[in-house]
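Novice: here's my sequence, what's the structure:
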Amino acid sequence: MPHIKGLQVLNDCEENQKILVKLPNWVTSRWNRYITKQLDQDKDYPSFSEFASFVSKEARIACNPVSSLYALKISEEKPFKEIKRLRVNTLATTVNDLDAACAMGNTSNIIDCKTKESSNLKSTLVHGTTLVKCMFCGESHSVHDCQKLMEEPVEERRLFDRGNKLCFACLRRGHGSKDCRNRSICAVCKKRHPTLLHEDRQPVNELHSQMVLQAEESTSSLSCCVNGGEGGTTSMIVPVWLSSGSESEILVYALLDTQSSHTFIDQEVCESLRASMEPVKLKLSTMMGKDSIVESQRVCGLRVRGFSLDSSIYLPPVYTRDFIPFERTHIPTCETAKRWRHLEVIADEMPALMDCGVGLLIGYDCSRALAPRQVINGGDEEPYAIKTDLGWSIIGGTPNGVNSKDVTGICHRISVRELPLVTPAAVRALELDSLLGEKGISQDDVQFLQVLKEGIYHNECGHLEMPLPFKTSPQLPNNKKLALVRLKHLKRKLDKDPQFKCDYRMFMEGVLRDGDAEIADEKLDMGNLCYILHQGVYHPKKPNKIRVVFDCTDTFKGTVLNDYLLTGPDLTNGLTGVLCCFRKHQIVVMCDIEKMFNRLHVIREDQDYLRFLWWLNGDLNTEPREYRMKVHLFGASSSPGCANYGLKYLASIEREYPLAASFIINNFYIDDSLISLESVELAIRLVEEAQARCAKGKLHLHKFVSNNRKVLASISESDRAVEVENVDFHNDYLPVKNVLGVRWDVENDAFTFNSVLDEKPATQRGILSIVASIYDTLGFLAPFIISGKKVLQEMCHKGISWDEPLHLELRSRWESWLKDLSNLEKVQIPIGLTSSNFRKILRTELQHLFDASSKGYGQCSYFRLVSVPRYIVP
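Specialist: Below you'll find the model as predicted:
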């Protein structure tokens, strides 16, 4: 670091925070204690060298081969892990319990018994199978199937499991029930615990009645067992051997799903195979009707074969998932076949229930694995059997299975599309690190940014020109007939209101005069064009100023232009953050960009999607002409994203004015900007540089306001806000301005509040309207507003309807609150967080005090500043 100056950035606390995110919680906690101790001693934030020494020391502590927690844990597990090589007799049976196999005695072939948890959970031994001995009775079966142990009381069984350090969820060693990922399903209650540990806690009389009822049902079923089977449902689930090209194989259940477009593998099974994986992103469409983007990994070269078959099937590219949903009771076995007369012939070809889970879901992209080679049908209400190249499976169940208490249902209907991976390298290639910050980015956002990055440029007039960011090539029907109909309606409205007609004509003349639109040639090819409908609206607070809105949301034959446009990522600076930065220093400047959207042009190839109809020279007695917009429309869903991208692009390519570039990137909220600076000289310089920088992109900064008269005097009158355009700096008071919805008393440099609200009835609807209409972005009025909210809260608790008059006990409280509302005009919050007599600030702390009750939640936040000479101000 001493030799490379660029690495000094690692000493910054924000860079340190990025590294801390990647460390374990316990390391972060210890580092936090170290930092707190340093700051309490009025020292600077620790450097990167101190941090590196700290991490190195913690690593040595954690990896101590004798006294670390990991070493102690390993020493406890050694009695079970020191069994390296055992002799076993290789027989033609299945290994259901790997731990039991490792605990066997006399054997002939030498194999390695691995204690890896994933092997215990989902795999069995390779190159043959082994005979398992029960740890309780020594017989040749798994501890799951031990009848002698089942005869013992439940408490004795629990003591046996605890004494042998078995998991209470799957009866295997090496982990506890909290960490178990392959819980057994109880055959009695269908809950997630081993049948061996099932405990019936019903009252004796109820249990006795149920036993009698079950006995009656079993007696009656004996007379009809030749015609049907027991209740229950099974599915196309078969045991298979899975491999990744090497000689090792893993036994798992495979779910054959004819409604899945791709094949999936359990993440743990894939890791056990040690197959090579490539990270991807998938777009999953399921029966929920919503698409979701999920992280996954692609695996190639996997093979699968039936449990007792020799031929293998090569699987197409497989994608990993953390979990494949299945019910263990839905797995067909030889016992399932024996219950049905028409399926008894295949009972010998079907294996018993295996001690492994579903680790593979095979979709119809592997048609060979799903193709039926033989089918055995039954009656209308009976299951049927299908033989595939992976073996037999039984599908369906009995009518009484419908009335089963097991209401768990699993439906696989999956459509998959692999998406291009968003890697850090891709984001860096788009130069978006500084723009996106901590905000998320989707695949559509990447496409939006890629389209603009490749298409943005300065045209010959100096304007920034960008394409319309389409998702796909739009196929829009010709909606000219609809545009003509709407234009006729507009003509009738204009004829009825002369003032409206005059304002409308003047607005359209200004659009054409400024070059924002032009007359379009008649296009013989009716494709690749769209006619935008327009209408005039007045702002409630500006009744004399009309805005003609071009509406991109109108539907024609089921299509909308906005549906084809990408909105892009949220590149807008946070409103609260901009307002907080506005309070940082004493000198404050505010401005905005004149007609921001109209200063950003659309490339010529996309302008025909923005056609509209209007009369030449505004003469309504002539035939309508076709025009096309040359700028991004206010009503297009892509325009805010394009405007933000264009503004930040303009700043990012700037090298001449670094101060202005930082101002444009960090201090704009859409087209409004607020900033506070340390000195008058710096403020004047910023205004000059920002105007010069924006002028290079044909953007005009105007409506400047400042709380400092010297700064205002340095700005031309035409670029000042109307309220300060002709102000006398010696005698006149500076006005009150709205700053992003907040009132700013420029003269007194304070936030003020307006208490004039529309009168509403004293009903739940009216109270909600009044309380919600108080705009308080920074939370200054929260202590007052909460009293009004508590009245609304009590109305909801008492079940008062929307338009029911306020009850007497609440009316007095509400009227008292309304009376106090007028006092808000007396509240003033100084804008500056620091005092003018402050010198160098050593440390700034943001402290929070909070508490909660049954009626509300309160928090008080404040800055604690320490300056030189040592002077503390809360």
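Novice: all strands for the stretch 251-400 of the chain, in order.
Specialist: Along the stretch 251-400 of the chain, counting by DSSP state E, counting those that start in this stretch, strands occupy 263-266, 277-285, 291-299, 303-306, 312-314, 318-321, 358-362, 374-376, 384-388, 391-397.
Novice: worst mean pLDDT across the helices and strands of the protein, which element?
Specialist: strand 90-91 (a mean of 32; mean pLDDT, DSSP states H and E).
Novice: now do the helices in the stretch 451-600 of the chain.
Specialist: 480-496, 498-513, 575-581 (DSSP state H, counting those that start in this stretch).
Novice: now tabulate the ones you listed in a markdown table and tack on mean neighbour count.
Specialist: Every C-beta, even on glycine, is put in place using the N, C-alpha and C of the backbone. Listed next are the helices of the stretch 451-600 of the chain as a markdown table, based on neighbours: other Cβ atoms under 10 Å:
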| stretch | mean neighbour count |
| --- | --- |
| helix 480-496 | 14 |
| helix 498-513 | 15 |
| helix 575-581 | 16 |
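Novice: got the domain boundaries for this protein?
Specialist: 5-63, 82-197, 233-418, 480-745, 753-830, 841-873 (automatic domain parsing).
Novice: and those as TSV, adding distance to L464?
Specialist: Shown next, in TSV, are the domains of the chain (distance: least, Cβ to Cβ, whole Å):
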stretch	distance to L464
domain 5-63	31
domain 82-197	54
domain 233-418	31
domain 480-745	5
domain 753-830	30
domain 841-873	38
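Novice: gap between the two ends of stretch 624-639?
Specialist: Distance between the boundary residues of stretch 624-639 (Cα to Cα, to the nearest Å) amounts to 27 Å.
Novice: now find how far off-centre that stretch is within its chain.
Specialist: Stretch 624-639 sits 33 Å away from the centroid of its parent chain (Cα atoms, centre = their mean, to the nearest Å).
Novice: over to stretch 233-249?
Specialist: 34 Å.
Novice: now swap in stretch 159-169 and tell me
Specialist: On Cα atoms, centre = their mean, the centre of stretch 159-169 falls 40 Å from that of its chain.
Novice: nearest to A636, of the helices of the stretch 451-600 of the chain?
Specialist: With Cβ to Cβ, the closest approach to A636 among the helices of the stretch 451-600 of the chain belongs to helix 498-513: 15.4 Å.
Novice: nearest to A483, of the strands of the stretch 251-400 of the chain?
Specialist: strand 291-299 (33.3 Å).
Novice: please name the strands paired to that closest one in the sheet, noting orientation.
Specialist: strand 277-285 (antiparallel), strand 318-321 (antiparallel) (DSSP bridges).
Novice: looking at these, which is buried most?
Specialist: strand 318-321 (a mean of 23; mean count of other Cβ atoms under 10 Å).
Novice: can you list contacts of that one?
Specialist: By Cβ atoms under 8 Å, 6 or more residues apart in numbering, the residues outside strand 318-321 that reach it are 262-267, 270, 277, 280, 282, 296-300, 302, 360-361, 416.
Novice: just the buried ones from these?
Specialist: 262-267, 270, 277, 280, 282, 296-297, 299, 302, 360-361, 416 (16 or more other Cβ atoms under 10 Å).
Novice: re earlier: quick one: the strands of the stretch 251-400 of the chain as CSV, columns for distance to S53 and mean pLDDT too.
Specialist: Shown next, in CSV, are the strands of the stretch 251-400 of the chain (distance: least, Cβ to Cβ, whole Å; pLDDT from 0 to 100):
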stretch, distance to S53, mean pLDDT
strand 263-266, 42, 92
strand 277-285, 34, 80
strand 291-299, 35, 80
strand 303-306, 51, 92
strand 312-314, 53, 91
strand 318-321, 39, 91
strand 358-362, 45, 91
strand 374-376, 71, 92
strand 384-388, 62, 93
strand 391-397, 61, 88
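Novice: what bridges to E295?
Specialist: K281.
Novice: residues near E605, how many?
Specialist: Residues near E605, counting by other Cβ atoms under 10 Å, number 11.
Novice: pull the contacting residues for the nearest residue to it once chain neighbours are set aside.
Specialist: Ranked by Cβ to Cβ, 6 or more residues apart in numbering and with sequence neighbours excluded, the top spatial neighbour of E605 is P467, at 7.3 Å. Shown in contact with P467 (Cβ under 8 Å, 6+ apart): V451, L452, G455, V602, I603, E605, D606.
Novice: coming back round to it: for N644, find the nearest of the strands of the stretch 251-400 of the chain.
Specialist: Here strand 291-299 is closest among these (Cβ to Cβ), at 23.0 Å.
Novice: next one: that closest one to chain centre, how far?
Specialist: 14 Å.
Novice: so what touches that strand?
Specialist: Counting by Cβ under 8 Å, 6+ apart, 244, 265, 267, 270, 275-286, 317-321, 418-419, 442-443 sit against strand 291-299.
Novice: likewise stretch 736-750?
Specialist: With Cβ under 8 Å, 6+ apart, stretch 736-750 has contacts from 575, 578-579, 582, 588, 590, 669, 672, 674, 705-707, 721, 723-724, 733-735, 751-754, 775, 777-778, 828-832.
Novice: ranges for the strands of the stretch 701-850 of the chain?
Specialist: Going by DSSP E, counting those that start in this stretch, the stretch 701-850 of the chain shows strands at 701-706, 736-739, 742-745, 750-752, 829-830, 841-852.
Novice: E717 reaches F704, doesn't it?
Specialist: No - using Cβ atoms under 8 Å, E717 makes no contact with F704, being 10.2 Å away.
Novice: what about these two, which has more around it?
Specialist: F704 (23 against 11).
Novice: contacting residues for the more buried one?
Specialist: Contacts of F704 (Cβ under 8 Å, 6+ apart): V589, M590, C591, V687, L712, I715, D719, R720, A721.
Novice: ok, it to S853 distance?
Specialist: Counting by Cβ to Cβ, to the nearest Å, the gap from F704 to S853 is 46 Å.
Novice: could the helices of the stretch 451-600 of the chain go into a markdown table alongside distance to S47 and mean pLDDT?
Specialist: Shown next, in a markdown table, are the helices of the stretch 451-600 of the chain (distance: least, Cβ to Cβ, whole Å; pLDDT from 0 to 100):
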| stretch | distance to S47 | mean pLDDT |
| --- | --- | --- |
| helix 480-496 | 66 | 92 |
| helix 498-513 | 58 | 93 |
| helix 575-581 | 27 | 85 |
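Novice: make CSV out of those and add distance to G558.
Specialist: Below are those laid out as CSV (distance: least, Cβ to Cβ, whole Å):
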stretch, distance to G558
helix 480-496, 13
helix 498-513, 30
helix 575-581, 36
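Novice: which one of the ones you listed lies closest to W802?
Specialist: Closest to W802 of the helices of the stretch 451-600 of the chain is helix 575-581 (Cβ to Cβ; 30.5 Å).
Novice: and that closest one, what does it pack against?
Specialist: In terms of contacts (3 or more Cβ pairs under 8 Å, 6 or more residues apart in numbering; DSSP states H and E), helix 575-581 is packed against strand 668-669, strand 672-677.
Novice: now do the last one: everything it contacts.
Specialist: Residues outside strand 672-677 that contact it (Cβ under 8 Å, 6+ apart): 578-579, 581-593, 663-664, 667, 683, 686, 701, 739-740, 831-832.
Novice: redo that, cut-off 7 Å
Specialist: 578-579, 581-585, 587-592, 663, 667, 683, 686, 739-740 (Cβ atoms under 7 Å, 6 or more residues apart in numbering).
Novice: quick one, that strand and strand 701-706 angle?
Specialist: Angle, strand 672-677 to strand 701-706, by axes from the mean of the first three to the mean of the last three Cα atoms, to 10 degrees: 40 degrees.
Novice: direction included, what does strand 672-677 pair against?
Specialist: strand 587-593 (antiparallel), strand 668-669 (antiparallel).
Novice: to L659, which of the ones you listed lies closest?
Specialist: Of the strands paired with strand 672-677, nearest to L659 by Cβ to Cβ is strand 587-593, at 12.3 Å.
Novice: any residues touching that closest one, and which ones?
Specialist: Against strand 587-593 from outside (Cβ under 7 Å, 6+ apart): 582, 671-677, 679-680, 683, 686-687, 699-708, 711, 739, 831.
Novice: measure stretch 690-708 end to end?
Specialist: OK, stretch 690-708 end separation, Cα to Cα: 18 Å.
Novice: right, I'll leave it there.
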